[in-house]
Structures are given as structure tokens and as C-alpha cells.
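Participant: Need coordinates for the below:
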Amino acid sequence: MPSPSATPATDPDAPNVRSVVGRYRRAERAASWTLALIAVGAFLAAVAALSFWPGAAVGAVLLVALRVPLFRRRGSTRLRTDATPEAVVREFATATPPILAFQWVVADEVRRDGATDPTDSVGEDASGADATYEFSYLFGLKTVELDLAVDVAEGDLLAGDSGTDESESASDRPPVATVDIEGTAGGEPWGSYAVAVREAPDGGSVVDVELRPTRRFGLRRLPQGWAAERYYAEALAAQGYETVERTVSVTR
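Facilitator: Residues are numbered from 1 along each chain as shown. As a prediction, this is how the structure comes out:
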């Protein structure tokens, strides 16, 4: 795993990031096809054992079970980077935040809706760069848009202020800033993240990311979640962030 960079960059064309996302996509497709084949196999087995119409009823139940939204995901992640807190805040406040690499790398188009300049320093603008990610499916016959709203709130202390106690742990220090990232698709909640950026006691930054459980999903999305967890740390490392700890749970 590459060591964190002092100047991480969320560049959709960065080869390391694209390579990790490419492996994620292959794993996600393989897992999704495996789940689909298992469902088809169960349907055929039911038809063979029970005759066609009872088997078709079993198939309908399987289809509903795969699609009905029953579960929510919540979790927390701590990241570490050598970059300054101000640089990290600017990066998370762009239209391509590091934690959404699986989305903005894959998207057919990323439209930046906000006017915030990512080179601005913390505190000059209280809003981030909103964006719309456009994805096409079925050979371009179906298009889905993911709308991203990014808000930045400056913390009590800026990095380097005299009030910072070097003996404090990263968790005890007030955040330099917090970044709220809200995603919606088709007018429905897609994802919500709260990002707190702190100055690390030994230099660099500590980033705490909270995944809020705003959306329900069905069993058919489990392969996607499995693949994302498999490559999450690699995708962040390719952008200069070390995953120190991460917990994710699935609840009703």
C-alpha cells in the first residue's frame, strides 16, 4: 500500500485510482452475476421439484426478496494523511471527494454545479462544490443521475493556532472544519457522510468519516457493498489516505 502523500489529489484520471476502481468493478460484477445465477438456479430447481406454476411462485418470491429495500448501512472510518488539514478540507469539499471514488471514476460525466474554487482556503466560502454524476446503463438506453450537495463548516480552531495542545490526541482536538456530503438519486436519499478534519499531533491530518443510514437497500445490493469494502482502503490509499480503522454494519 502506498504511503499517504503530503498533497493528495482526487484526480479521476489518476492511474492508481482508476486501477483500483477497475478491480472493484470486476469484483462487483462477478459477485452480482454469481448472485443472479444462484437465484436462477433456485428457480429452476423449484420448477423441477414442484412443477412450473409453483416454481414460478417461488421465483417471484425470490425476485421480491432480492429487490425489496430492507437494510441500511452505517459506519465510521478514520483516515490519516500527511497533507495539511486545510488541504484535506479543500479536497473533500470538491465535486470529487476521496470517499466517493467508486462513483466519480465510474460516472460517464461529472458536472460541477458549485462555484467554489478548490484552491480557496478554509473559511473563505462556507459551501463546497456541488456536483451531478451521470451514469448510463443498458447500452445508454437508461440514464441515472446522482446529485451531490457539499457543505463546509469551519471549526473552532484552525491548524497551527496557539490554542492547540500538542499533548492532545487527534480525537480530543476540535476539527479544523467539517464537511457534510449529501447524495440523492431520483429525488430519494442515496448517501450521507459527515467528515471531520483534525490536525494530527505529529503533523498531517486525521479524518473521521461517518456514514449515516439514510437509504434502504435490498439483497441484490449486497455484492456491491462487499466489493466496495474489499477495495475501500486501496482506493483511499491511492489518493494518499491511510485507513487507520473502519467499522461498517448492516441493520434493518
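
Participant: now the helix or strand harbouring residue 222, how far from the chain's geometric center?
Facilitator: Taking DSSP states H and E as the definition, one finds residue 222 inside helix 222-237. Centroid separation between helix 222-237 and its chain, computed with Cα atoms, centre = their mean, to the nearest Å, is 9 Å.

Participant: And stretch 192-204, what's buried?
Facilitator: Neighbour-count burial for stretch 192-204 flags 192-193, 195-201, 204 (criterion: 16 or more other Cβ atoms under 10 Å). (Each C-beta comes from the backbone N, C-alpha and C, glycine too.)

Participant: nope, stretch 16-25 is what I meant
Facilitator: Neighbour-count burial for stretch 16-25 [16+ other Cβ under 10 Å]: 17-18, 20-21, 24.

Participant: Now flag whichever of those is closest to residue 78.
Facilitator: For these, the minimum distance to residue 78 (Cβ to Cβ) is 19.7 Å, reached by residue 20.

Participant: With residue 130 as the reference, measure out to the closest one.
Facilitator: 25 Å (Cβ to Cβ, to the nearest Å).

Participant: in the protein, what spans have low per-residue confidence?
Facilitator: Applying pLDDT under 70 to the chain picks out residues 1-13, 114-128, 156-172.

Participant: Remind me what the lengthiest helix in it packs against, helices and strands.
Facilitator: Ranked by residue count and defined by DSSP state H, the top helix of the chain is helix 15-50. Helices and strands touching helix 15-50, by 3 or more Cβ pairs under 8 Å, 6 or more residues apart in numbering; DSSP states H and E, are helix 52-67, helix 101-104, helix 222-237.

Participant: which other residues reach the second one?
Facilitator: Spelled out, it's helix 101-104. Identification of contacts with helix 101-104 by Cβ atoms under 8 Å, 6 or more residues apart in numbering yields 10, 12, 17, 20-21, 24, 95-96, 110, 131, 133, 146, 228, 231, 235-236, 238-239.

Participant: that older thread, residues of the helix holding residue 222 that come out buried?
Facilitator: Neighbour-count burial for helix 222-237, counted by 16+ other Cβ under 10 Å, picks out 222-225, 227-228, 231-237.

Participant: Give the bridge partners for residue 211, please.
Facilitator: residue 75, residue 193 (DSSP bridges).

Participant: Check residue 151 too.
Facilitator: The partner residues for residue 151, given DSSP bridges, come to residue 127, residue 180.

Participant: surely it meets residue 193?
Facilitator: No. Using Cβ atoms under 8 Å, residue 151 is not in contact with residue 193; the gap is 11.2 Å.

Participant: Name the residues contacting each of those two.
Facilitator: 179-180, 182.

Participant: Closest one to residue 41 out of those, please.
Facilitator: residue 182 (39.4 Å).

Participant: Surely that closest one is in contact with residue 194?
Facilitator: No. The criterion here is Cβ under 8 Å, and residue 182 misses it with residue 194 at 9.8 Å.
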